[in-house]
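[1] I'd like to go over a predicted model; first the sequence, then the structure.
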Amino acid sequence: MKKIALNIASVLIIIALFYFLGREFLKNWSQIRSFPLHFDLLWLFWATAAYFITFFLLSIGWTLILKSLHYPISLTHAFLFFIITQPAKYIPGKIWIAVARMKFMHPLGIPNSVTLLSTGAEGVLEILAGSYISLVAILQIPGLGKFSVIGTIIISLLGVVLLIPKVFYAIINLYLKLAKREPIHATGHAKFAELLFLQIVYLIGMFGVGLAQVLFLKSFTHVSPHQFPLLISIGSFSYVASILAIFTPGGLGVREGIWYLALKGISAPHIAIIFALASRIWTVVAEALFLFIALPILWLEKRRNKKSLPHSPL
């Protein structure tokens, strides 16, 4: 009954999100229809390149997590597996990326439990990094004065405290418990220095997530340089929200709603709704493109490895 109730609640929330976005779309339809939607191909290229580089950075983070769990894999494998399994996030349920990764990791001798653990740890580090970027950006709003400096220092110190292994793994295991996954035992704990470096990698990665979305926005409308920090933080926050939104696959509706509400306060509402919808289409297309690039590379690598195996004597 509990599972049925959660499923019903999830469906109702998704319907509410899409009703809200649909209503706003219809409300601004006349401006949307008359808007000259032309993409600057150079900015669109840089947005897609930034998104691709971000995936590479996040795959580095995943590699480091696996190494800390004493199951290292090559960065090439991690990057290819990361890209190939991204579309699984659009399947209802937050476990499907991990399940898709198992298919590729198991032949390398990586237990399914370790793949689940690494994916859970990855989610927590992304949430922490995106939250730091968002909070620090909010503190830079004009008018906060000295509190912006003090607040940034407090957030930085809090971030360091959260990386103390006992504290960090308590948070990780709480997340894993809520996701009904196995906890990480003390033998799998990384050192503080390793966690600090790992968090820095994810901070850069989550900054890249926000930057890629802002570059996409700039590909079809004007964006002032002074707006970049705030917009990047919105992009990072929307990504965090899509991870936390367990009721919707891939954060569908959640990320778009956040962008619309944030953008309509600093630009025209029709620009906000166009970006909210167009950016989702762009990310799906970009991820599909990355997938079709990665699959042949992985296939060629497997074929080359088979050819390099010694033949059995007759």
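    Good, I have the coordinates.
[2] can you give me the helices in this structure?
    2-27, 29-34, 41-68, 75-85, 96-105, 112-139, 146-161, 165-178, 192-218, 228-244, 254-263, 269-308 (DSSP state H).
[3] in the fourth one, what's buried?
    Residues of helix 75-85 classed as buried under the neighbour-count rule (16 or more other C-beta atoms under 10 Å) are 77, 78, 79, 80, 81, 82, 83, 84, 85. For glycine as for every other residue, the C-beta is placed from the backbone atoms N, C-alpha and C.
[4] Show me the shaky parts of the chain.
    Along the chain, the model assigns pLDDT under 70 to residues 1-11, 93, 140-146, 179-182, 187-188, 306-314.
[5] can you put the buried residues of helix 75-85 in TSV and add distance to residue 165?
    Formatted as TSV, these follow (distance: C-beta to C-beta, whole Å):
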residue	distance to residue 165
77	27
78	23
79	27
80	30
81	27
82	25
83	30
84	31
85	28
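[6] What is the nearest of those residues to residue 247?
    Using C-beta to C-beta, residue 85 comes nearest to residue 247 of those, at 21.2 Å.
[7] Run a quick neighbour tally on the residue lying closest to that closest one once chain neighbours are set aside.
    Computed as C-beta to C-beta, 6 or more residues apart in numbering, the closest residue to residue 85 that is not its neighbour in sequence is residue 100, at 4.0 Å. Counted with other C-beta atoms under 10 Å, the neighbours of residue 100 add up to 20.
[8] got the contact list for residue 100?
    For residue 100, the contacting residues are 84, 85, 88, by C-beta atoms under 8 Å, 6 or more residues apart in numbering.
[9] What separation do you get for the second one and residue 225?
    By that I understand residue 85. Distance of residue 85 to residue 225, given as C-beta to C-beta, to the nearest Å: 36 Å.
[10] just residue 173 next, same as before
    42 Å.
[11] who's more crowded, those two?
    residue 173 (19 against 6).
[12] which residues touch the more buried one?
    The contact partners of residue 173, by C-beta under 8 Å, 6+ apart, come to 183, 184.
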